[in-house]
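**Q** Requesting a structural model of the entry that follows:
(2 chains)
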Amino acid sequence: MKEIKEPNKIAGIIFDVDGCVARGNRVLPGVPEMLAKIRAHGIRYAFLTNANARTRAEVTADLNAMGIPATVDDVLTSATIVAETACALYPGKKILAAGSEALSKAFRDRGVTPLDWDHSAEAEVVVMGKDPDFTQRKLDLICQAIWNGAEFMATNYDAKVPVEKGFLPGTGATVKAVAYATGKEPLVTGKPSKWAGEMAMRVLGIAPERGIVVGDQLEQDIRMGREAGLFSVLVLSGATTEEAASAAPPHLKPDLILPDVTHLVEWLDRAIAVERMDRESPYVLWFEKYTPDAVSRIGGKNASLGEMIRASIPVPPGFAVTTDCYKTLLNNNGLKEKIDSLLARVNTQNVHEMEEISVELRSRIENTRMPAEIESTIRLAYSALCDRVDVPAVPVAVRSSATAEDLPGASFAGQQDTFLWISGADNVVRHVAKCWSSLFTARAIAYRVEMGFPHDKIYMSVGVQLMVQPKAAGVAFTLNPTNGDRSKVCIDASWGFGEAVVGGEVTPDNYLVDKVTFEIVRKTISPKQIEYALDPETNTVVKRDVLPELQNAVCLDDEEIKAVARMARQAEKHYGRPQDVEWAIDANLPAPDNVVLLQSRPETVWSRKAPASGTANRQTGVAGVLATLLTPVRIKQPGADSGSTQPQ
Amino acid sequence: MTSGNHSFPSPFSLTTPPGAEGWEDLYPYYLLFSDDRRDYEDSSFWFQDGMHWREVLYPFDSIFMEFALKSLSQYNTRFYLIPPALGVDYRVINGYAYLTPLAITDGPTIESRVPHFLARAGHYFQNWNDLYAKWQVKIKRVIVDMEGLEFAPLPEMVPLSWVTDGRGIGSSFDLMSRYNKLIELGLEGWQFHFEFLNLGYAAYLDFFMFCKQNFPDIPDQAIAKMVAGIEVDLFRPDDELKRLAHAAVELGVAGELKMSGGSAEALDRMQKAKNGLQWLAELDRSKDPWFNFSSGTGFYHHDPVWIENLDVPFGFLRNYITQVEAGVKLSRPLQAIRDERERVANEYASFLSTDEDRATFQGKLGLARTVFPYVENHNFYVEHWHHSVFWRKMRELGKVFVAAKFTNEVDDIFYLRRDEIPVALFDMSNGWAVGADARGPKYWPREIARRKKIVEALRKWTPPPALGKPPEIVTEPFTIMLWGITNESINTWLGGLGASTDLKGFAGSPGTAEGPARVITSAAEIDQVKEGEILVCPITAPSWAPIFSRIKAAVTDIGGMMSHAAIVCREYGLPAVVGTGFATQKITTGMIVRVDGTKGTVAVVSNGK
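**A** Residues are numbered from 1 along each chain as shown, chains lettered A, B, ... in the order given. Down below sits the predicted model:
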């Protein structure tokens, strides 16, 4: 889903009327309250309709009658739009307004007096709208003016309009007559043209990047919004179903879909809050916003994730709950004093007592009410993460990332807890607290005492990271493990989670990729019988049989193979030595973001070998050439060596 | 399994195709398999060199096969003393050329050649650029000398000035002496051809083997990419066409070239067009020497040469003009190619485990890059330029034969062996001198008619890819580098004798493509190739380059990683599988084939129609 860049700067919203704020002549529930809140935010709103036979005042009266608060200035008809456009495109030109009185009025409101029919021959621009008194004579005059060189514009080109009992001919019927006679097509400025969006914003005096359009029709409202460059919101309260919305072609794709307009304020508030949080909250930091000076606030583990993102290595998205949260918590409710006094009693020799103290400490931390601002910030960040992948209550890993005040890089790896498959904001908040408390496991306390780290100089940050739900996963070595060739990336891949590959429970597919040219040198496809997958019922990982038709199918396509190889190579470059990488192709993320790195460690087998040269012929120049010539190419007979490729 | 179980037919087991009886008369006695040398010939491995001599050899056209292989061999054997390799021997059977590389296996002999090799080859490697500069002078001198040879019918009387100047030598003597000079210049050109090439291939092979040893799965084309030159003379004729296409569009004369009709009509229109003369001046700049470019391998007298058949380059030119008009910039991005070459080399170097290895890599790469311009460029100078002048001069002599009624057609002269021509010339001189009828006009037309029937019968015969016993080792650098004779190719050929329709060859240029096949067996057919087809041919010639913008992939019967097809396909970024042995026999035009240029396989997907 597209995020709105600066939601706090939104200054104006254009609403469609029918299907959006009203149905027939009835206001939709909650609309007046919603509009009041929008206004309270200091945001201007307006209503845009393709109707042009009625004046703005008349439409305003209709809206007010339904209970929709609006002034004349808040209403834009296609007459308003066409007048604005004509004045912008043809300033000072003589205009023939061929339509209702409402159309002429729109021009007069704009300070332009249109020509009367007796002077139609002088027209430099002909503007057509719905004319209840259309006649053959008017048709003649309009065509004459166009034949004489006048520009041709129209409010809209609608063929027919729905009424209670069927249809009536629309503005388009007479416009078409003129187009047919003159062979000239009009410039149409109503919805869904870009003019409607642009001119509406101009009338309201708002820059397009600060405007939103809300409507119920893809072909009208969303198309106009996209063409005018406005953030476009589709509501499902009118003509468009959810299925149609999700199947929309790219040029009709809404930036946001809401059930109805009443959700608009909530969405806007949240977008503003997320944006503000990103900008100024000390409590969370997105991995990709990491900078090296943040290490002391997010701990080594989170920092390493941020560092990888900075090195363009794709790791699953997420955020760090900073040490500021932990510090704030301690300074609340006298928690710190209680902890200090409990810790003062610690005697590492007395294991039993230490265990009791640990339990007491942990339960105090977990049961202390989190300061409201911290809790709401964590919830907000989590919901933003869900939005990002478009999965509600998306499962995440909640990981401890401890840091020492004087040793910001210290990792304390493995000392504190990690929780996988945590789903829903309540659970996330609870497990963040559990990570904090894991700073006080008996083992962690003992470790600090032993290593001489003062307890009160150690802080806890927590990482909340998307759990990958892999379509396929595996490992990749940044060298060929069968011969140590460092110019290759060797990939093992199988269906589902990487556990099946790591644990040796399947014979994976094997791909060998050249690191320099990224050609796939060799592919070996193996039968892959089992996989680990997420059971949505229990939110746990289960082992199951691979569907028979997939067992012998290659589990990565060529682009994915190359993407994994590139990622492994990036990790190797970043760490400056051969790596052993765990990777996955996520089933939810869109390509190419779906190829993610889960873990990267130094490769140990070949890297530890003394750098042995594989080269017998080290001479250069003529001596080297001689040595090569003296190494004859032996011809093997068929059958002596099958030469087939075996999986490693 | 013993090697005896896997053999090709013995050369002595082949029979003469019906109607070709007496074919042996068409070639010199030493080119024939014979009982005199049967022990040696029957125990050797002979492969058909379809890369250069796919078609039946005309009696005269064996000349360049002989000159090429004699010269190649002479440098291995007598100049540089390649320690484990002598030359490449050659024979003709049923009109087709077969080659066998000769190895030295005896340790002491190899040993004794080493110091000589180091001194001699060492000198060339150390002074490569200076010697190469001299070479360019030498080869151009040969071409200029050849251009200077004139062949004209014998005159009614010698000019008066010969009498007044006391010249004392007759016209027929000039004719005979110039023929001899032409043959000498042909042989001179071929010696220069191999003066550098053997060592060039050996140095490339040294770098190649180093890469294969350290990066066992490195694609062949990645190695070639690190070494390949940036501005290559062999691509120059094609580059000139691109230049002329841009010039035509800029000068506003593209329309004159694009109209239907042949090149003669286009030149005519150009004479009259505004700016037309300017474009013609550009054409002249390109033509000499770059249109001395053969559409075939250059080894046959009938291979069309651009400069004499402007329809060929003008066809390509039209295609390029269409692209230029569509906004395509045809010139190659030289800086990008240069940068990519450095990137690939630096990255591979970084993957070696020791600094010592990196130094070795850089050293071998440096030498390979030093020798490579010659490897890439010599072909233009010898097979294209030198040959095209040679064949032109031979056709001048052919006209003399027609004028003397020795032959009916200009090209009939190529049905005479090169050793028969001096004899026929003396017959002609005799008649001229005596004033009586020479025997030639009675003798040669009848003999040529007989020979034409034999050649026709031989054409219908399909030569097996190899004869005799496969060798256990190959040490001759050409055999590996140019002809690609290795385990895989020999076993493929052996296996290819069976029925499977899938073909294996060398991964010449990476990528995959699927499409309808177009089987082309001679240069004359290349205009049949259509957009989106997969070219299947014995071997592509570099001058076919312009059709590479039309095809999807190329498959050849013969060729290694340095074969022309592989080089050109890599240049054009097309998948190519080379050295499949049988593609032109197993695939027919219209079949849908899938080419995997990364793996080196070709599969027939369906029979098409």
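**Q** Not counting the helix or strand containing A:Tyr45 itself, show me its contacts.
**A** Taking DSSP states H and E as the definition, one finds A:Tyr45 inside strand A:44-49. Strand A:44-49 has contacts (C-beta atoms under 8 Å, 6 or more residues apart in numbering or on different chains) with A:11-18, A:21, A:35, A:38-39, A:59, A:63, A:68, A:70, A:73-78, A:81, A:191, A:196, A:200, A:203-204, A:206. Where C-beta positions appear, they are placed from N, C-alpha and C, glycine not excepted.
**Q** how about that strand: buried residues?
**A** Across strand A:44-49, burial judged by 16 or more other C-beta atoms under 10 Å in any protein chain shown covers A:44-49.
**Q** A:Val494 in helix, strand or coil?
**A** For the record, residue A:494 is Ser, not Val. Secondary structure, DSSP: H, G, I helix; E, B strand; the rest coil: A:Ser494 is strand.
**Q** Kindly apply the preceding question to A:Ile81 instead.
**A** The assignment at A:Ile81 comes out as helix when based on three-state DSSP.
**Q** got the contact list for the residue nearest in space to the middle of chain B?
**A** The residue lying closest to the centre of chain B (C-alpha atoms, centre = their mean) is B:Thr297, at 3.6 Å. Contacts for B:Thr297 (C-beta under 8 Å, 6+ apart) come out as B:51-53, B:303, B:383, B:539, B:541.
**Q** hmm, back to that, quick one: contacts of the helix or strand following the strand holding A:Tyr45?
**A** Using DSSP H and E, the helix or strand that follows strand A:44-49 towards the C-terminus is helix A:56-66. With C-beta under 8 Å, 6+ apart as the test, helix A:56-66 has contacts from A:17, A:22, A:25-27, A:47, A:49, A:51, A:54, A:70-72, A:74-77, A:80, A:102, A:106, A:109.
**Q** how does it look with 10 Å?
**A** Contact partners of helix A:56-66, identified using C-beta atoms under 10 Å, 6 or more residues apart in numbering or on different chains, comprise A:17, A:21-28, A:31-32, A:47, A:49, A:51-52, A:54-55, A:68-77, A:79-80, A:102, A:105-106, A:109.
**Q** In strands, which of the contacts of B:Thr297 fall?
**A** For the contacts of B:Thr297, not one is inside strands, with DSSP state E as the criterion.
**Q** State the pair within those residues that is farthest apart.
**A** Maximum pairwise distance in these, criterion C-beta to C-beta, is 14.1 Å, between B:Met51 and B:Asp303.
**Q** about what we covered before: going by distance to A:Ile378, which of the buried residues of strand A:44-49 wins?
**A** Of the buried residues of strand A:44-49, the one sitting nearest to A:Ile378 (C-beta to C-beta) turns out to be A:Tyr45, at 32.7 Å.
**Q** Tell me which of the contacts of strand A:44-49 fall in helices.
**A** The helices, defined by DSSP state H, take in A:35, A:38-39, A:59, A:63, A:78, A:81, A:196, A:200, A:203-204 from the contacts of strand A:44-49.
**Q** mind checking how far the residue nearest to A:Ala228 when sequence neighbours are not counted is from A:Val203?
**A** What sits nearest to A:Ala228 in space, not counting adjacent residues and going by C-beta to C-beta, 6 or more residues apart in numbering or on different chains, is A:Gly197, at 2.6 Å. Distance from A:Gly197 to A:Val203, counting by C-beta to C-beta, to the nearest Å: 11 Å.
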